[in-house]
Structures are given as structure tokens and as C-alpha cells.
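Peer 1: Dropping the sequence and predicted coords here.
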Amino acid sequence: MITIEEVSCPNCHGTIEVFGRDGLTVVESSCDVCGYVIPASSSLAQLPGQNQMKENVYAKGEKTEYKPCV
């Protein structure tokens, strides 16, 4: 299942949306404010600002769930 995680940018504290699967980022994500980049294949556990809300999105007919990031 693919997840969307909002993390705080370590440079400007803006919000970065990160798409993940199997504990890794799926694509490169960047901060809209300052341009800080989180590369694809980064570990989700090592992301800055990780204690934000995690949203599990629709994937392969499964119901959307909202869970707090642990």
C-alpha cells in the first residue's frame, strides 16, 4: 500500500508530502517553500519531522484509513 506522509522541512519548517511504500519513499519530494529535496528510496523512518499525521491512501480497492504516525 502506498502512503502519504507529511513531514516538516528541516530548512524552513514548511510541509513536504512524501509518498512511501515498504518503508521507502517512492518518488523524489521537495519543499514548495525552499526547495529542500528528499530523494526517492529514502527510509521513511529517517525522515525529518516524521511525527506528523500519516495518511494511508486508496490502493487496489482498499478502504482509505487515517492513522497517526508512530
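Peer 2: Sure, I can see it.
Peer 1: Can you give me the neighbour number for the residue lying closest to residue 25 once chain neighbours are set aside?
Peer 2: The shortest distance from residue 25 to any residue that is not its chain neighbour, by Cβ to Cβ, 6 or more residues apart in numbering, is 4.6 Å, and that residue is residue 42. Bear in mind the C-beta positions are built from the backbone N, C-alpha and C, glycine included. Around residue 42 there are 17 other residues, counting by other Cβ atoms under 10 Å.
Peer 1: From residue 29, how far out is residue 42?
Peer 2: For residue 42, the distance to residue 29 (Cβ to Cβ, to the nearest Å) stands at 9 Å.
Peer 1: Same question for residue 2.
Peer 2: 13 Å.
Peer 1: cool, residue 19 as well?
Peer 2: Separation of residue 19 from residue 29 (Cβ to Cβ) stands at 7 Å.
Peer 1: next one: phi and psi at residue 45?
Peer 2: With angles defined as degrees, to the nearest 10, residue 45 sits at phi -70, psi -20.
Peer 1: Is it correct that it is in contact with residue 25?
Peer 2: No. If you go by Cβ atoms under 8 Å, residue 45 and residue 25 don't touch, sitting 11.0 Å apart.
Peer 1: Those two: who's more crowded?
Peer 2: More neighbours surround residue 25 than the other of residue 45 and residue 25, with 19 against 8 (other Cβ under 10 Å).
Peer 1: Touching, the more buried one and residue 37? I think so.
Peer 2: No. Applying Cβ under 8 Å as the test, residue 25 and residue 37 come out as separate, 10.7 Å apart.
Peer 1: Run through this structure and note the low-pLDDT ranges.
Peer 2: Within the chain, the stretches falling below the threshold (pLDDT under 70) are 48-70.
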